[in-house]
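1. Structure for the following, please:
(one chain, ligands or ions: 2)
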Amino acid sequence: MLSTDIQKLENGGTSPRETTPFITFVLGGPGSGKGTQCMRIVENFGFTHLSAGDLLRHEISSNSEYAPMILNTIKDGKIVPSEVTVKLLQKAIESIDNDKFLIDGFPRSEENRLQYERIIGMEPNVVLFFDCPQEEMVKRVLNRRQGRIDDNEETVKERLKVFMALTMPVVDYYAKRGKIYKIDATGTEDEIFARVLPAFASLQFEMDYLLGHLTGHRKFTEPCKIVRLFLWTVWPS
Ligand SMILES: Nc1ncnc2c1ncn2[C@@H]1O[C@H](COP(=O)(O)OP(=O)(O)OP(=O)(O)O)[C@@H](O)[C@H]1O
Ligand SMILES: Nc1ccn([C@H]2C[C@H](O)[C@@H](COP(=O)(O)O)O2)c(=O)n1
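-> Ligands and ions are numbered 1, 2, ... in the order given. Below you'll find the model as predicted:
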C-alpha cells in the first residue's frame with residue numbers, strides 16, 4: 001500500500017491536500033437561482049462549482065448501478081441516499097485541482113450533512129442561503145424548460161415540501177453557528193448578484209489568508225487594513 005493510500009484511509013477516504021480547501025455550501029429552494037448565481041461567482045472569484053443535482057443527473061445519464069434508483073428518487077422530488085451523493089462529491093473534490101469549491105444544493109438534509117462530516121469532513125467556511133418566495137420559485141422552475149424530469153407542477157410541490165421539512169433545519173443549524181449569509185433572491189439576476197458580491201468581497205482576505213495566497217506587500221498591508229478597521233470600530237475619529 002502506498003503511503004498516500006494509508007493517509008487517505010486515515011483521512012476517512014479523502015486525498016491529502018497541501019491546504020484545506022475553502023468550502024462554500026449553496027442552499028435555497030428549487031428554482032431560487034442557486035445555479036445561476038454560482039456561475040457568476042465562478043466567473044468572478046475562481047471557484048469550482050459542484051452541483052449535487054448535476055452530479056446525480058450525470059450518474060443517471062452514464063447508466064451507473066445507481067441510475068434507476070436516482071432517477072426514481074428525483075422524479076418523486078425526494079432526496080437520494082446520502083452515501084451515494086457524498087461519494088460523488090468526494091470523487092469530484094479529489095479529482096479537481098482547485099482550493100475553492102462552491103457546493104451547490106448540498107447538504108439538502110441533516111442526513112446529508114452528517115454523512116458529509118463523516119466522510120469528507122471539511123467544514124464549510126460559509127453557507128450562502130438564497131431566500132425566495134415559494135410562488136416565485138414555482139414560476140422559475142416551470143419556466144426553466146431544460147427538459148428536467150422534476151420540473152413539473154406535481155414534483156415541484158413535493159420538492160418544496162422536502163425543502164421546508166429537510167433542508168430548512170440545515171439552514172437553521174448553520175445559522176446557529178454564524179455561517180449563514182442570507183441573500184434576498186428576488187429581483188433580476190443582476191440585482192441578486194449585487195447582493196452576493198459583498199459576501200465574497202468581505203471573504204476575500206479570509207480566503208487568501210487561509211489558502212496561503214497572500215503574497216508580497218499584501219502580507220503586510222492586508223493585516224494592517226484589518227487592524228485599522230478594528231481600531232476605527234473601537235475609537236471612531
Ligand atoms: N433572478 C431571476 N429572475 C428570473 N428567473 C431567474 C432568475 N434567476 C434564475 N432564473 C431562472 O430560473 C430558473 C431556475 O434557476 P436556477 O436553475 O439557477 O435555480 P436553482 O436554485 O439552481 O434550481 P434547482 O435547485 O431546481 O436546480 C432558470 O431557468 C433560471 O434561468
Ligand atoms: N444533495 C442532493 C441534491 C440533489 N438531490 C436530488 C433531488 C433534487 O430534487 C434533484 C435536483 O437537484 P437540484 O439540481 O435541484 O439541486 O437532485 C439530492 O437527492 N440530494
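2. Excluding sequence neighbours, find me the nearest residue to the closest residue to ligand 2 within the chain.
-> Minimum separation of the chain from ligand 2 (Cβ to the nearest ligand atom) falls at residue 53, amounting to 2.2 Å. In short, each C-beta sits where N, CA and C put it, glycine included. Spatial nearest neighbour of residue 53, chain neighbours left out: residue 105 (4.9 Å); criterion: Cβ to Cβ, 6 or more residues apart in numbering.
3. can you pull the pLDDT of residue 216?
-> On pLDDT, residue 216 comes in at 72.
4. what's the neighbour count on it?
-> Residues near residue 216, counting by other Cβ atoms under 10 Å, number 7.
5. what about it, which SS state?
-> Of the three states, residue 216 takes coil under DSSP: H, G, I helix; E, B strand; the rest coil.
6. Tell me if the residue of the chain closest to ligand 2 really is in a helix.
-> Yes - Residue 53: assigned to a helix according to three-state DSSP.
7. wait, doesn't it sit right on residue 108?
-> No - using Cβ atoms under 8 Å, residue 53 makes no contact with residue 108, being 9.2 Å away.
8. Could you report the neighbour count for residue 187?
-> Neighbours of residue 187 using other Cβ under 10 Å come to 13.
9. Provide the secondary structure category for it.
-> coil.
10. and the gap between it and residue 180?
-> Distance of residue 187 to residue 180, computed by Cβ to Cβ, to the nearest Å: 20 Å.
11. Going by neighbour count, list what's buried in stretch 38-54.
-> 38, 41, 45, 47, 48, 49, 50, 51, 52, 53 (16 or more other Cβ atoms under 10 Å).
12. For that stretch, C-alpha coordinates in CSV please.
-> Written as CSV, here are the backbone C-alpha positions of stretch 38-54 (Å, rounded to 0.1, in the frame of the first residue of the first chain):
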residue,chain,number,x,y,z
CYS,A,38,-23.0,30.1,-8.8
MET,A,39,-22.0,30.6,-12.5
ARG,A,40,-21.3,34.3,-11.8
ILE,A,41,-19.4,33.5,-8.6
VAL,A,42,-17.2,31.1,-10.6
GLU,A,43,-16.5,33.8,-13.2
ASN,A,44,-15.6,36.4,-10.6
PHE,A,45,-13.9,34.5,-7.8
GLY,A,46,-12.3,31.4,-9.3
PHE,A,47,-14.3,28.8,-7.5
THR,A,48,-15.1,25.3,-8.9
HIS,A,49,-18.8,24.8,-9.0
LEU,A,50,-20.0,21.3,-7.9
SER,A,51,-23.8,20.9,-8.2
ALA,A,52,-25.0,17.8,-6.3
GLY,A,53,-28.0,17.7,-8.6
ASP,A,54,-25.8,17.8,-11.7
